[in-house]
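Asker: Provided below are the primary sequence and the corresponding predicted coordinates.
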Amino acid sequence: MIKRALLILGVLSWTSSAFAQRDQVDISTAVVWNSPADVASWSKTTSITALTMRPSNDNEPGLAFTFPAHATWPDYTPPGWDGPIQYTVWAGVKINGVCNISGIIRCGASAPQRGRRS
């Protein structure tokens with residue numbers, strides 16, 4: 001019984017470290033809507049460590065993300081835009097086995113109305 005428990009613990013610790021090196025969803029085959037089509041080629045530079053969702057009637061409504069690079073990522077104003085963004089929240093849905101994704105919320109120091117960052 002002890003050998004079986006140690007084997008299970010060993011497998012779990014091996015698999016968790018192996019999977020920690022890649023994203024949970026492979027978006028390289030996803031259909032991208034209304035967003036940059038090359039998103040799958042972008043470098044992964046941080047990981048979300050916490051997500052808070054608050055309703056519209058809350059004192060601080062919206063989405064709040066916690067991630068290590070939050071304090072170091074600069075705001076960027078794309079050509080033709082009227083204000084900067086720091087990151088974009090994406091959503092996806094699988095329809096008939098095909099993942100469909102889109103950037104849905106711009107977040108940045110000057111755009112808190114689109115999403116709240118913590």
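Answerer: Yep, it's here.
Asker: just the endpoints, please. Distance across stretch 52-71?
Answerer: Stretch 52-71 has its terminal residues 18 Å apart, counting by Cα to Cα, to the nearest Å.
Asker: flag every buried residue along that stretch.
Answerer: For stretch 52-71, the neighbour count (16 or more other Cβ atoms under 10 Å) marks 62-65, 67, 70 as buried. Heads up, the C-betas are built off the backbone N, CA and C, glycines and all.
Asker: show me those that map onto strands.
Answerer: Residues of the buried residues of stretch 52-71 located in strands (DSSP state E): 62-65.
Asker: which one of these sits closest to Ser28?
Answerer: Phe65 (23.2 Å; Cβ to Cβ).
Asker: which residues does Asn96 contact?
Answerer: For Asn96, no contacting residues are found, by Cβ atoms under 8 Å, 6 or more residues apart in numbering.
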